[in-house]
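Trainee: predicted model and sequence follow; I will ask about them next.
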Amino acid sequence: MLTPMRVVILGSGRGSNAGALLRAQAEGRLGSAKIVQLFADVPDAGILALGPRFGVPAEFVDPAPFKTKLEGAGEERYIAAINACAPDLVVLAGFMRVLKPGFLHAFAGKIINLHPSLLPSFPGLDAIGQAWRRGVKVTGCTVHYVTTEVDGGPILDQAAVRVEPADTLETLAAKIHAAEHALLPAVVARLSAR
């Protein structure tokens with residue numbers, strides 16, 4: 001029996017990708033991974049409501065003083081809170097902050113992110129909209145390690161999504177989110193087997 005791989009999830013929003021991971025764990029599809037904590041940087045983020053539903057602690061950690069990055073006192077609070085969980089893996093599931101070198105160094109080689117495009121195409125914000133406006137015929141999602149380069153770390157896996165003539169931006173987004181909900185748990189399960 002493998003020693004459980006301790007996973008901490010960070011999110012900012014409704015938590016649909018965290019929910020996919022938690023459902024996979026409940027259904028025995030997460031390998032030896034064990035989600036031990038959810039953290040959010042928004043006090044009323046939907047991800048926080050998932051904790052009680054799945055029996056996983058969920059907590060708001062104040063990211064202040066900055067609005068779009070994790071630096072200074074906020075970064076220190078996050079590093080301390082995550083370190084207290086002794087994680088083997090930190091999963092960014094819709095965590096909408098730029099991480100700075102202090103945080104990246106504290107969890108070097110342990111942070112993965114889910115991005116809604118086939119990287120290296122369309123990094124950064126509004127990746128689905130970027131792909132839609134460019135008129136691509138295939139887009140998708142990527143799980144990658146987090147480095148100092150935004151959406152530029154080594155790629156772990158990708159899932160392609162075909163853009164059909166009848167698609168709208170909304171239907172395309174829904175298809176990409178469905179692909180994300182399958183890809184992220186599969187990658188975490190694979191990492192847990194290493």
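Mentor: Arrived safely.

Trainee: so what's Leu118 up against?
Mentor: For Leu118, the contacting residues are 138-142, 158, 160, by CB atoms under 8 Å, 6 or more residues apart in numbering. Every residue, glycine included, has its C-beta placed from N, CA and C.

Trainee: can you pick the most crowded of these?
Mentor: Of all those, the most densely surrounded is Cys141 (28 neighbours; neighbours counted as other CB atoms under 10 Å).

Trainee: which SS state does that one fall under?
Mentor: Using DSSP: H, G, I helix; E, B strand; the rest coil, the secondary structure recorded for Cys141 is strand.

Trainee: so which strand or helix has the residue nearest to it when sequence neighbours are not counted?
Mentor: Spatially, and ignoring its direct neighbours in sequence, Cys141 is nearest to Glu180 (4.7 Å; CB to CB, 6 or more residues apart in numbering). Secondary structure here is read from DSSP states H and E; on that basis Glu180 sits in helix 169-192.

Trainee: which helices and strands does that helix pack with?
Mentor: On a contact count with 3 or more CB pairs under 8 Å, 6 or more residues apart in numbering; DSSP states H and E, helix 169-192 meets strand 5-11, helix 16-26, strand 33-40, strand 89-92, strand 111-115, helix 127-134, strand 138-145, strand 155-162.

Trainee: that helix versus helix 16-26: what angle between them?
Mentor: Helix 169-192 and helix 16-26 meet at an angle of 40 degrees, taking axes from the mean of the first three to the mean of the last three CA atoms, to 10 degrees as the criterion.

Trainee: which residues touch helix 169-192?
Mentor: With CB under 8 Å, 6+ apart as the criterion, helix 169-192 contacts 2, 4-5, 7, 16-17, 20-21, 23-24, 29-33, 89, 91, 93, 112, 114, 116, 128-129, 131-132, 139-141, 143, 156-161, 163, 167.

Trainee: next, the buried residues of it.
Mentor: Neighbour counts over helix 169-192 (16 or more other CB atoms under 10 Å) mark 172-173, 175-177, 179-181, 183-189, 191-192 as buried.

Trainee: kindly report the same for stretch 8-25.
Mentor: With burial defined by 16+ other CB under 10 Å, the residues of stretch 8-25 counted as buried are 8-13, 15-25.
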